[in-house]
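A.B. asks: okay, predicted coordinates and the sequence, questions at the end:
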Amino acid sequence: MATVFERVRDVVVRQLKVSPDEVTPEASLVDDLRADSLDIVDLTIAIEEEFADQAQFEIRDEDAENIRTVQDILDFLAHQGIH
């Protein structure tokens, strides 16, 4: 079974069309992975869909504003009880 990080990495790779090697916990979505605001919206939706089987949650706009790195996604998911 894939870890939470591996699942997040796979979603980021699919959504942002980047290499898996580029997706590290400290990678900035905007600066390192070249995401724009529309990419961030699409990414948050994809994350919600990826983990819908484990928890019902929504990444609200105010939450999305605080997601700047891959680690921020992991932290948000941990806060939702996804480990």
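C.D. replies: Everything's here; your move. Numbering: from 1, shown residues only.
A.B. asks: just checking, what packs against the worst-scoring helix or strand of the chain on mean pLDDT?
C.D. replies: Lowest on mean pLDDT, DSSP states H and E among the helices and strands of the chain sits helix 61-64, with a mean of 91. On a contact count with 3 or more CB pairs under 8 Å, 6 or more residues apart in numbering; DSSP states H and E, helix 61-64 meets helix 37-50. Bear in mind the C-beta positions are built from the backbone N, C-alpha and C, glycine included.
A.B. asks: any idea of the mean pLDDT in the helix it packs on?
C.D. replies: The average pLDDT within helix 37-50 is 96.
A.B. asks: now do the buried residues in it.
C.D. replies: Asp39, Ile40, Leu43, Thr44, Ala46, Ile47, Glu50 (16 or more other CB atoms under 10 Å).
A.B. asks: would you confirm that the fifth one contacts Leu16?
C.D. replies: No: checked against CB atoms under 8 Å, the pair Ala46 and Leu16 is beyond contact range at 9.9 Å.
A.B. asks: contact partners for the residue nearest the centre of the chain?
C.D. replies: Residue closest to the average C-alpha location in the chain (CA atoms, centre = their mean): Ile73, at 4.6 Å. Residues in contact with Ile73 (CB atoms under 8 Å, 6 or more residues apart in numbering) are Val8, Val12, Ile47, Ile67.
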